[in-house]
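Novice: here is the input, now give the coordinates:
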Amino acid sequence: MIKSKLLLIVLAVIVVFTIGCSNKKEALLDLTAAEILGNPDYLAMSYGGYRTNTRATIPTVEEIKEDMKLLEAMGVKIIRTYNTQQFEQAANLLKAIRELKDENSNFEMYVMLGAWIDCKNAWTTEETVHDVESLENNTAEINAAVKMASEYPDIVKVIAVGNEAMIHWAASYYVTPDIILKWVNHLQDLKKEGKIPAGLWVTSSDNYESWGGGSKLYHTEDLEALIKAVDYVSLHTYPFHESHYNPDYWYVPEGEEGLTDEEKAKKAVMRAKDFAQNQYQKAADYIESLGIDKPIHIGETGWASVSGGFYGVKGSRAADEYKGKLFYENIREWTNSKGISCFYFEAFDEKWKDAENVDGSENHFGLMTIDGNAKYALWDLVDKGAFDGLTRNGNKITKTFGGDKAAMMKDFLAPPNESTVSNSDIKTMNENLTTGEAITEQYYTILCDNAILGALNDKTYPSAKLKLNAWEGTCGIQVTTDNILEVKTGHEGESWWGCAAELKAGGKGENLSNFLEGYLNFEMKGNTKSSFQIGFQTGSFSDGNQVNNPVIFNKDSKYAVGNNWKKYSIKIADLLKDKKLEDVTSLIFLKGESDFDGKDVFIKNVYYSKSK
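Specialist: Predicted coordinates:
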């Protein structure tokens, strides 16, 4: 009798346990994107598992399972991918997660599945056609996403149509919003027809400006229709990149220059977080202005730990592990507290992104290195034993720099002081002039001595300060006390050099449309025999629409620099390449052509005139 009762108790426990497990599996199967996104218990991360310098080497299912266990240990429960059928990683990823779930019913990992979208002639030598799509590729990407969402409804919770596919600086492939809208509507129709799960959310993942948070260029009817069509907005914000392209927020203000370097970095990173919040809010304000109520989550933001270019010692000095930890923690604190999912970019370093440049920042956005070294942002988790028993590429998870903070801090870069940077600015400006207003005066002066200024009666000055930018430290540029622009050209053996006097107006340019029939005037001398461009730039590099409008010096006898001052008045028509003067972002620039010798060019009395 006792044995019978014991048997009944055991059977009851088994039944309850079985029902419990079954209910949990059903609950996980039924969990929707709406329940996952914005939930701080479901941390989000961007994921790429590529370990070599080419995506032709696809991570195996076992390698991905290794990564998923590491992500689980970080508290991550939803990850973001970028392609479906162009590369096999997404297929292997879903297999890996399914196997882990079969091995352990408590394992949770969900996927925001990216479908890559291209324009016609993307990534080719032919001219890109941005309002026509690469139909064969895009159709294959979407069809593969639908198939995966149908086969793995317990894992795939979001489909993102395109990655940075509308922002204009993605010049190699971007498309117009109507193309994204077409595919979003297609997926929404499939939901209504029951061909993909009703709880799956559809979005597009793009720069904050593409979602209306910046230039009015993006404010179109198609964008408004797209915002209405998506289930939520997936927004990208990168203060790290803006530390070069729009760096005013990044520089250490005069009142903080007496702080320690670490304190300067902490305050600079706080301003970086504020910068990201501001971009997020600008997009939110635009969407609200349309009368649309739509969730907004962050599809990408991140911080690189290494840069040999724009963000390193010769650039904005943003890239290192110390500031990376600060940014990661600040962003997580903000987004978790506000119910915003943040697909932090990214989990692991990937060296295919800039395969020819080992120190390229794109290779170093991971929180963990390819070989399984946890960067400073994850050192606390290593100390807590979160990665005990886990490996990457067969390596135990250890700290970078052997866990020696002093050794790590040898690579630390203090942000630049505003006073140091501003010594290289041209500060004369017209504070009553709004950037974007058409200049109506006869003369627009950049850098002139008092004699020239006195002779130019109807004149104005730039609407903002001019930043003297030596591109990636490839040359030298400064203004002397007697208002002479001094340029040290690039050296022999270098592949290029360039510099400019750039308008510090948040990426906006001056409107010089009234000078279309006018002249760019300057005096020049120098001892360089190099061939170089000189002129002005329109548009923005970061928006992918920058145009150099130059003539070439030292290529022939028409324009040659000599040892004595010589005045040049060059017709705007001889410089202008795109016939637009509404957005002049660099008022004068120089760029090396050939025969670099590292010698000097001196320029003074720079101004634009409507007549000679």
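Novice: now do stretch 428-448, average pLDDT.
Specialist: When pLDDT is averaged along stretch 428-448, the result is 94.
Novice: should've said stretch 482-493
Specialist: When pLDDT is averaged over stretch 482-493, the result is 89.
Novice: chain center to the helix or strand encompassing Y280, what's the gap?
Specialist: Under the criterion of DSSP states H and E, Y280 resides in helix 261-289. Counting by CA atoms, centre = their mean, to the nearest Å, helix 261-289 is centred 14 Å from the centre of its parent chain.
Novice: same check, this time on stretch 502-516
Specialist: Going by CA atoms, centre = their mean, the spacing between the C-alpha centre of stretch 502-516 and its chain's C-alpha centre is 23 Å.
Novice: now K465: how far from N246?
Specialist: Plainly put, K465 is 13 Å away from N246 if you go by CB to CB, to the nearest Å. C-beta: built from backbone N, CA, C; applies to glycine.
Novice: show me what counts as buried in the helix holding Y280.
Specialist: Applying a neighbour-count criterion of 16 or more other CB atoms under 10 Å, the buried positions in helix 261-289 are 264-269, 271-273, 275-277, 279-280, 282-284, 286-287.
Novice: pairing partners for whichever helix or strand comes after that helix, with directions?
Specialist: Scanning forward in sequence from helix 261-289, with DSSP H and E defining helices and strands, the next element found is strand 296-301. In the sheet, strand 296-301 lines up against strand 233-236 (parallel), strand 342-344 (parallel) (DSSP bridges).
Novice: chain center to the last one, what's the gap?
Specialist: On the basis of CA atoms, centre = their mean, strand 342-344 sits 13 Å off its chain's mean C-alpha point.
Novice: other residues contacting it?
Specialist: Contacts with strand 342-344, where a contact means CB atoms under 8 Å, 6 or more residues apart in numbering, come from 44-46, 78-80, 112, 234, 297-302, 328, 331-332, 335, 367.
Novice: next SSE downstream of it?
Specialist: Secondary structure here is assigned by DSSP H and E; on that basis, the next helix or strand after strand 342-344 toward the C-terminus is strand 373-374.
Novice: packing partners of that following strand?
Specialist: strand 398-399 (3 or more CB pairs under 8 Å, 6 or more residues apart in numbering; DSSP states H and E).
Novice: what's the closest of the strands paired with strand 296-301 to G255?
Specialist: strand 342-344 (30.8 Å; CB to CB).
Novice: for G539, which non-adjacent residue is spatially closest?
Specialist: Distances taken as CB to CB, 6 or more residues apart in numbering place N545 nearest to G539, at 3.9 Å, with adjacent residues excluded.
Novice: how near is that neighbour to A170?
Specialist: On the measure of CB to CB, N545 and A170 end up 11 Å apart.
Novice: more crowded one of these two?
Specialist: A170 (22 against 16; other CB atoms under 10 Å).
Novice: ok, now which ones touch D41?
Specialist: When contacts are counted by CB under 8 Å, 6+ apart, D41 touches K77.
Novice: on the three-state scheme, it is what?
Specialist: Here D41 is recorded as coil under DSSP: H, G, I helix; E, B strand; the rest coil.
Novice: quick one on the thing from earlier: nearest to F596, out of the strands paired with strand 296-301?
Specialist: strand 233-236 (36.7 Å).
Novice: C-terminal to the closest one, what's the next element?
Specialist: Using DSSP H and E, the helix or strand that follows strand 233-236 towards the C-terminus is helix 239-245.
Novice: other residues contacting that next one?
Specialist: Applying CB under 8 Å, 6+ apart, the contact partners of helix 239-245 are 249-250, 272-273, 275-276, 301-304, 310-311, 315-316, 318-319, 327, 361, 507, 540-542.
Novice: show me where pLDDT drops low in the stretch 251-400 of the chain?
Specialist: Segments of the stretch 251-400 of the chain classed as low confidence (criterion: pLDDT under 70) are not present in this model.
Novice: quick revisit: how about the strands paired with strand 296-301 in TSV, adding mean neighbour count and distance to L259?
Specialist: Conversion of the strands paired with strand 296-301 to TSV gives the following (neighbours: other CB atoms under 10 Å; distance: least, CB to CB, whole Å):
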stretch	mean neighbour count	distance to L259
strand 233-236	26	31
strand 342-344	26	28
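Novice: quick one: these as JSON lines, columns for distance to N163 too.
Specialist: JSON lines is the format used below for the strands paired with strand 296-301 (distance: least, CB to CB, whole Å):
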{"stretch": "strand 233-236", "distance to N163": "9"}
{"stretch": "strand 342-344", "distance to N163": "11"}
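Novice: to N521, which of these lies closest?
Specialist: Closest approach to N521 among these (CB to CB): strand 233-236, 41.4 Å.
Novice: what sits against Y443?
Specialist: 456, 458-460, 607-610.
Novice: returning to that earlier point: of the strands paired with strand 296-301, which is nearest E256?
Specialist: If we rank these by CB to CB, the stretch that ends up nearest is strand 342-344, at 27.2 Å.
Novice: how far away is K77 from L390?
Specialist: If you measure K77 against L390 using CB to CB, the figure is 16 Å.
Novice: looking at these two, which one has more neighbours?
Specialist: For K77 and L390, the more surrounded residue by other CB under 10 Å is K77, and the numbers stand at 18 against 15.
Novice: confirm that the more buried one sits in a helix.
Specialist: No: when the secondary structure is assigned by three-state DSSP, K77 falls in strand instead of a helix.
Novice: hang on, isn't it packed against I36?
Specialist: Yes: in this structure, K77 sits in contact with I36. The criterion is CB atoms under 8 Å, and the distance is 7.5 Å.
Novice: where do the contact lists of these two overlap?
Specialist: With the criterion set as CB under 8 Å, 6+ apart, the overlap between the contacts of K77 and I36 is 42, 110.
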